[in-house]
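Undergrad: Quick one: sequence plus predicted model below, questions after.
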Amino acid sequence: MWDIPLNILLGLLAGAKLIGIFLVWRVWSTYRRGSALTPSRMLGLTGKALTDITREGRVMVQGEYWWARARAPIAQGESIRVVAIEGMQLEVEPCPDKMLVPRAVSAIADYD
């Protein structure tokens, strides 16, 4: 049917096998490493408020959109810092851009 030389077929097969091994290795290493944004890694990260946050609103942290709540009002476009996480909602506080020393945060937050 097709007159393809055996050495070309073997070369293509070896190349496909190498690509398959590389892809399986990358998937396995990503799976083993886990999510980059685990709750403990998110504490202290900064982002931007996408909406005005009087009690709840939307923020962007590390390129991802999140629902957030704040104890103090935060204006749209203002910098924020993550201080706690509850499920898929972040608790944030205003974060001035010129702040050099971050405030200590805890994974366990008490809600008054």
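TA: Looks like it came in fine.

Undergrad: next one: the longest helix along the chain to chain centre, how far?
TA: When the chain is parsed with DSSP state H, its longest helix is helix 6-33. Helix 6-33 sits 28 Å away from the centroid of its parent chain (CA atoms, centre = their mean, to the nearest Å).

Undergrad: can you pull out the helices in this structure?
TA: Ranges of helices in the chain, per DSSP H, are 6-33, 39-42.

Undergrad: Just put these in JSON lines and tack on distance to residue 55 and mean pLDDT.
TA: C-beta here means a position set from N, CA and C on the backbone, and glycine is covered the same way. Formatted as JSON lines, the helices of the chain follow (distance: least, CB to CB, whole Å; pLDDT from 0 to 100):
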{"stretch": "helix 6-33", "distance to residue 55": "36", "mean pLDDT": "92"}
{"stretch": "helix 39-42", "distance to residue 55": "20", "mean pLDDT": "77"}
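
Undergrad: For residue 67, find the nearest of those helices.
TA: For residue 67, the closest of the helices of the chain is helix 39-42, at 13.5 Å, according to CB to CB.

Undergrad: domain parsing for the chain?
TA: Using automatic domain parsing, the domain ranges for the chain come out as 1-34, 39-94.

Undergrad: and these, which is most packed in?
TA: domain 39-94 (a mean of 16; mean count of other CB atoms under 10 Å).

Undergrad: which residues of this protein score low on pLDDT?
TA: The model of the chain has pLDDT under 70 over residues 1, 34-38, 97-112.

Undergrad: at 90 instead, please
TA: Across the chain, the ranges flagged by pLDDT under 90 are 1-6, 29-44, 54-55, 62-64, 86-88, 95-112.

Undergrad: Contact partners for the nearest residue to residue 70 once chain neighbours are set aside?
TA: Distance criterion CB to CB, 6 or more residues apart in numbering; nearest residue to residue 70, sequence neighbours excluded, is residue 53 at 4.8 Å. Applying CB atoms under 8 Å, 6 or more residues apart in numbering, one finds that residue 53 lies in contact with 59, 68-70, 73-74, 80, 92.
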